[in-house]
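A.B. asks: I would like to see how this sequence folds:
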Amino acid sequence: MQRFRMRTIRKGGAVDAMDQEEIAKQLNRLMIEEIKGRGAIRSTAVEGAFRSVMRHRLLPPEISLGEAYTDTAIVLKRSTGEDRVAIGSPSSSSTMPSLLAAMLEASNLREGMRILQI
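C.D. replies: Residues are numbered from 1 along each chain as shown. Next comes the predicted model:
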């Protein structure tokens, strides 16, 4: 598992949004190559889906770009104990990208089909 570190680029004291998007695209490309190397992405359709959907846009803004484009699940919410689950246990997460790729490949999706992952 490879972790990417990102240095924030600042111009005039503020993060330049264009630079951030370019960094995100580069990190996404690296993550896709890593996942392909492990055999989770096998088809051009799944690769295209990963290239067109930027993961950081689906995550809370406090998640860094480096974390967003690492092949790991990202905990989004932890239990408060009200749901009979141990306090602090993960109760919601963003799926590990290689697992998502494997599920998409196994689904044998065809053009026009839609999926909803919950």
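A.B. asks: If you count residues, where's the longest helix of this structure?
C.D. replies: Identified as the longest helix of the chain according to DSSP state H is helix 17-37.
A.B. asks: Buried residues in that one, which are they?
C.D. replies: Within helix 17-37, the residues scored as buried using 16 or more other CB atoms under 10 Å are 23, 24, 27, 28, 31, 32, 34, 35, 36. In this view, the C-beta of every residue, glycine as well, is placed from N, C-alpha and C.
A.B. asks: any idea of the pLDDT on the closest residue to the third one other than its chain neighbours?
C.D. replies: Take residue 27 and drop its neighbours on the chain: the residue closest to it by CB to CB, 6 or more residues apart in numbering is residue 69, 3.6 Å away. Confidence at residue 69, expressed as pLDDT, is 97.
A.B. asks: First-to-last residue distance for stretch 80-98?
C.D. replies: End-to-end distance for stretch 80-98, by CA to CA, to the nearest Å: 29 Å.
A.B. asks: contacting residues around that stretch?
C.D. replies: 31, 35, 38, 40, 50, 55, 58-59, 71-79, 117 (CB atoms under 8 Å, 6 or more residues apart in numbering).
A.B. asks: filter the residues you listed to the buried ones?
C.D. replies: 31, 35, 40, 50, 55, 59, 71, 72, 74.
A.B. asks: now for those, which pair is the farthest apart?
C.D. replies: The largest separation in these, counting by CB to CB, is between 40 and 59 at 19.7 Å.
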